[in-house]
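*Asks:* turn this into a model:
(one chain, ligands or ions: 2)
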Amino acid sequence: MDFADSAQELFDKGYAAVKGAVAGQAVERQPFMVGFARLCNDGWLQGWHERNGGNLTYRMADEEVRACKPFFLDEPGRWTAMGVQADNLRGAFFVATGAGRYMRNVQLSPSRNVGIVEINDAGDAWRLVWGLEGGGRPTSEFPSHFMAHSVRMKATGGASRVLYHAHPDNVIALTKVVPLDARSITRALWKATTECVMALPMGVGVVPCMVPGGPEIARETSELMKAHDAVVWAQHGVFCSGPDFDSAFGLMHSIEKAAHIHGLALMMNGGSGDFANTISDDDLRAIAQSLGLSINEAFLD
Ligand code: 2HA
Ligand code: ZN
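*Replies:* Ligands and ions are numbered 1, 2, ... in the order given. The predicted model follows:
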């Protein structure tokens, strides 16, 4: 190799490294990515993300895609079939935590721990266009996220953008002691604190203990998400949605807080759920009515 060739090779390597770093930082500074990373860290600080537990996805707005496109990979990854399909997500772009990545590391380096994926025109495959440096793929729960995005997008007229999965201790414990149906779990949550029904007027859906990351849990969850913005996964955690990061995090937090208070009250009461005082069904109706929220009457007496 002569001098000109090796100089060119050095230049190309340096240029690629600088370009990669600029592209990483340019996208990391976008407000949606700052909000994404903040939620991951907030969930970690709550203790909901042991090891690689939990995951987060965000459906990008068109203007956010336009702002980031100049920094996308020159050569996107290969298309990967998802085994699920959605017409209303053809050509969508998602930010997703990476499979096996730890939520506690996201804020330290979004470009290593998070990827942006593009959905193909058929709505059944993704390819990586940014991030997940060092190689990787979106969260193992991506089929659940994808199907739930499709359902929530339809149910909310396009407002829903965030899907968040966490492993909050008290909700998981709740699924061990309360009958595993949506009505019983919702009533335990609603009656724990007056604020819970405000965050959760439709109550939660509940899926039984299932294999994590599979197509069955994706199908069951998305079916329940037609009517609920949060679904409790027995023995596992919670899957919840929202129009923005504050709403999705706030919903997770409200559900977990209610489960915690229910558990504390059970302990103070010697394990009995027969409490001296509680929130009546008419109290729940009045709270919802005061905010103009329609409450899920199927879960009330
Ligand atoms: O991302 O939480 O459900 C790891 C999980 C799987
Ligand atoms: Zn999980």
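*Asks:* what about the helices in the stretch 1-150 of the chain?
*Replies:* Taking DSSP state H, counting those that start in this stretch as the criterion, the stretch 1-150 of the chain carries its helices at 3-28, 31-46, 62-68, 103-106, 110-113, 142-155.
*Asks:* deepest of those helices, which one?
*Replies:* helix 142-155 (a mean of 23; mean count of other Cβ atoms under 10 Å). For the C-beta atoms, the positions are set from N, CA and C on the backbone; glycine is no exception.
*Asks:* which is the next helix or strand following that helix?
*Replies:* Helices and strands here follow DSSP states H and E; after helix 142-155, the next one along the chain is strand 162-166.
*Asks:* thinking again about what came up before, mean pLDDT lowest for which of the helices of the stretch 1-150 of the chain?
*Replies:* Note on those: helix 3-28 shows the lowest mean pLDDT, a mean of 87.
*Asks:* what angle separates it from helix 31-46?
*Replies:* 70 degrees (axes from the mean of the first three to the mean of the last three Cα atoms, to 10 degrees).
*Asks:* tell me the predicted confidence for the closest residue to Ala37 other than its chain neighbours.
*Replies:* Excluding its sequence neighbours, the residue lying closest to Ala37 (Cβ to Cβ, 6 or more residues apart in numbering) is Gln107, at 4.4 Å. The per-residue pLDDT reported for Gln107 equals 97.
*Asks:* which parts of this protein sit against ligand 1?
*Replies:* With Cβ under 6 Å from any ligand atom as the criterion, the chain comes near ligand 1 at residues 52-55, 139-141, 165, 212-213.
*Asks:* please repeat the previous calculation with a cut-off of 5 Å.
*Replies:* By Cβ under 5 Å from any ligand atom, the part of the chain that sits against ligand 1 consists of 53-55, 212.
*Asks:* got the contact list for the residue positioned nearest the centre of the chain?
*Replies:* Among the residues of the chain, the one closest to the centroid is Tyr164, at 1.5 Å (Cα atoms, centre = their mean). Applying Cβ atoms under 8 Å, 6 or more residues apart in numbering, we find Tyr164 in contact with 39, 43, 54, 56, 239-242, 248-249, 252.
*Asks:* and those, which is closest to ligand 1?
*Replies:* Using Cβ to the nearest ligand atom, Gly54 comes nearest to ligand 1 of the contacts of Tyr164, at 5.0 Å.
*Asks:* nearest residue to that closest one other than its sequence neighbours?
*Replies:* Per Cβ to Cβ, 6+ apart, closest to Gly54 is Ala166, 4.5 Å.
*Asks:* likewise Ala23?
*Replies:* Phe71 (3.8 Å).
*Asks:* do Tyr58 as well
*Replies:* Nearest one to Tyr58, counting by Cβ to Cβ, 6+ apart, is Val95 at 4.4 Å.
*Asks:* next one: Met147
*Replies:* Met147 sits nearest to Ser222 (Cβ to Cβ, 6+ apart), 3.7 Å away.
*Asks:* can you list the weak-confidence ranges in the chain?
*Replies:* In the predicted model of the chain, residues 1 satisfy pLDDT under 70.
*Asks:* mind checking the SS state of the residue nearest to Met147?
*Replies:* Using DSSP: H, G, I helix; E, B strand; the rest coil, the structure places Ser222 in helix.
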